[in-house]
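Novice: what shape does this take:
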Amino acid sequence: MNLRVRFAPSPTGSLHLGNARTAIFNWLFARHHKGQFVLRIEDTDRERSKPEYEVQLIESLKWLGLDWDEGPDKGGPFGPYRQSERLEIYQEYVQRLLKEGKAYYCYCSQEELEAERRQCLAKGIPPRYSGKCRELTERQRQQYEKEGRRPAIRFRVPDEVVEFEDLIKGKMRFYAGDIGDFIIVRSNGLPAYNFAVVIDDAFMQITHVIRGEDHLANTACQLLLYEALNLTPPKFAHHPLLLAPDRTKLSKRHGAVSVEEYKKEGFLPQALLFYLTTLGSGAQKEIWDKDTLIERFDLKMTGKGNVIFDRNQLLWVNRQFLRSLPIETIANYAKDFVPEKTDNKTLKDFLGLIRENIATLSEISTFWPVFNQPEINLSEEAISTLKEEAAQMVIKLFYGALESGRSDYESILKEIQQKTGLKGRKLLFPLRLALTSQKSGPQLHQILEYLPREWIKLRLKQAFFA
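Specialist: The predicted model follows:
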């Protein structure tokens, strides 16, 4: 059978970095093995699912450079690709389970279920459903119906051991009795996650399910359903989780956690794709492009244990891509960070000048006015340094050389060095401050070559009289 994987997000918010990592693993696995990658939207949570979130999810995946062979936006032979449009399919399978006695109606209220949960915790045992509604008589059911109770449907969990070979974690074993009869259809008539995902994966002929290890317990439930419905299960691979530096779940209290936020901060999609792929694999000593990632991808790259998201490490990766990608590519992403409209040549020339000095595209705003406006605002610190006698001497001599019509900047600097005895930082730093008001940035010779001659004279004059 042709290899088929899927990414199935819920449109309840922006694409979280952890979910993006799962999507990337599935996409790379499919592309490496020349299989199919399916996008499915799990939108049965009516209260939290929003169409705008689905749009944003799709845009974030595309921005990362991922594409899919089937999905809600392009169709395919196993559609529809939104769970909300597949309710009739689920109903067919749940009726089969009810008819065969493998599922039953549960009329327990939320208050009753919560009381059961508290009792389990008080006894020091994992919370699980007691099976109270397992053997209801028809009379009891009718009484509950008269009371206006809307039943959920639970799967009757058999007393057996669930075993499977995980492609990442190895042999896994669960005792089904510890799970308890779980809900497969909620009281509002909508399918629960574990039930819908089994039907969808089987119907869409998914051969491999790659997801975070927090789904391990779900896999046990799903395998029981595959068995009860006489469906062939896919192979499972559960990768380690992406954690915050304090080893807790990555959340907003740790800063930006969504792909959209990193896009807005000026990170390149190539950098985020590479970082999320190789994090924990030890493969970040060299930078790989997308084609190389596809060629070299292996499930072992997901790492052996939970991995820590390190923003500083991502910044380093982003710098490498800013320095190595073609200027044209960087310019396409940089357009949204330039404070004013400009032509493509000006933008590319500017990026060629400053890309060695920025970690994200959002830092463009720091350099743009310096290299694209005649005058600059000198900082208080810069003014203080420029008023020093040695600085004034350097500025005066350099300005005088320009006034005489010279443009051989290197020889001018040599002459100033000979006249003043100043060299290195003492000679060059005053000119950098006078021309940019910044302590660091492009090399001075690059600045002099980039700025128009009249701008240089204007800024030196401004600095001399600051």
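Novice: C-alpha only now, for contacts and for neighbours.
Specialist: OK.
Novice: wait, what's in contact with V307?
Specialist: When contacts are counted by C-alpha atoms under 8 Å, 6 or more residues apart in numbering, V307 touches P240, L241, L242, L243, L279, G280.
Novice: go through those and flag which are in helices.
Specialist: Among the contacts of V307, none falls in helices (DSSP state H).
Novice: of these, which is the nearest to L386?
Specialist: L279 (45.6 Å; C-alpha to C-alpha).
Novice: list just the nearest of the contacts of V307 to L448.
Specialist: L279 (40.4 Å).
Novice: beta partners of the nearest residue to that closest one once chain neighbours are set aside?
Specialist: Distance criterion C-alpha to C-alpha, 6 or more residues apart in numbering; nearest residue to L279, sequence neighbours excluded, is V307 at 7.0 Å. Bridge pairing for V307 (DSSP bridges) gives the partners L242.
Novice: state the distance from V307 to F37.
Specialist: In this structure, V307 and F37 are 25 Å apart, going by C-alpha to C-alpha, to the nearest Å.
Novice: over to A122?
Specialist: Using C-alpha to C-alpha, one gets 46 Å for the distance from A122 to F37.
Novice: which of those two has more neighbours?
Specialist: More crowded of A122 and F37, by other C-alpha atoms under 10 Å: F37, with 25 against 11.
Novice: pull the contacting residues for the more buried one.
Specialist: Counting by C-alpha under 8 Å, 6+ apart, F37 has contacts R4, V5, R6, F7, N26, W27, A30, R31, D67, W68, D69, E70.
Novice: other SSEs contacting the helix or strand harbouring the third one?
Specialist: This means R6. Using DSSP states H and E, the element containing R6 is strand 4-7. Helices and strands touching strand 4-7, as assessed by 3 or more C-alpha pairs under 8 Å, 6 or more residues apart in numbering; DSSP states H and E, comprise helix 17-32, strand 36-39, strand 208-212.
Novice: could you dump these to JSON lines with distance to S407?
Specialist: Shown next, in JSON lines, are the helices and strands packed on strand 4-7 (distance: least, C-alpha to C-alpha, whole Å):
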{"stretch": "helix 17-32", "distance to S407": "51"}
{"stretch": "strand 36-39", "distance to S407": "59"}
{"stretch": "strand 208-212", "distance to S407": "62"}
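Novice: which one of these lies nearest to V257?
Specialist: V257 sits nearest to helix 17-32 of all the helices and strands packed on strand 4-7, at 5.8 Å, using C-alpha to C-alpha.
Novice: next, the angle from the closest one to strand 208-212.
Specialist: On the basis of axes from the mean of the first three to the mean of the last three C-alpha atoms, to 10 degrees, helix 17-32 is oriented at 150 degrees to strand 208-212.
Novice: how far away from the center of its chain is helix 17-32?
Specialist: Relative to its chain's centre, helix 17-32 lies at 11 Å (C-alpha atoms, centre = their mean, to the nearest Å).
Novice: could you dump that helix to CSV, C-alpha only?
Specialist: Extracted in CSV, the C-alpha atoms of helix 17-32 (Å, rounded to 0.1, in the frame of the first residue of the first chain):
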residue,chain,number,x,y,z
LEU,A,17,5.2,25.2,17.6
GLY,A,18,4.7,21.7,19.0
ASN,A,19,1.9,21.0,16.5
ALA,A,20,4.0,22.5,13.7
ARG,A,21,6.8,20.1,14.6
THR,A,22,4.4,17.2,14.3
ALA,A,23,3.2,18.5,10.9
ILE,A,24,6.8,18.9,9.7
PHE,A,25,7.7,15.3,10.8
ASN,A,26,4.7,13.9,8.9
TRP,A,27,5.4,16.0,5.8
LEU,A,28,9.1,15.1,5.7
PHE,A,29,8.3,11.4,6.3
ALA,A,30,5.9,11.4,3.4
ARG,A,31,8.2,13.3,1.0
HIS,A,32,11.2,11.2,2.0
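Novice: show me the strands in the protein, by range?
Specialist: For the chain, the strands defined by DSSP state E occupy 4-7, 36-39, 103-106, 152-155, 161-166, 170-175, 183-185, 208-212, 235-239, 242-243, 307-308.
Novice: looking at those strands, spot the one closest to H254.
Specialist: Closest among the strands of the chain, once you apply C-alpha to C-alpha, is strand 242-243, at 10.1 Å.
Novice: T302 contacts H238, correct?
Specialist: No - using C-alpha atoms under 8 Å, T302 is not in contact with H238, being 9.3 Å away.
Novice: please identify the buried residues of the helix or strand of the chain with the lowest mean pLDDT?
Specialist: The weakest-scoring helix or strand in the chain, judged by mean pLDDT, DSSP states H and E, is helix 110-122 (a mean of 88). For helix 110-122, a neighbour-count test (16 or more other C-alpha atoms under 10 Å) marks E116, R117, C120 as buried.
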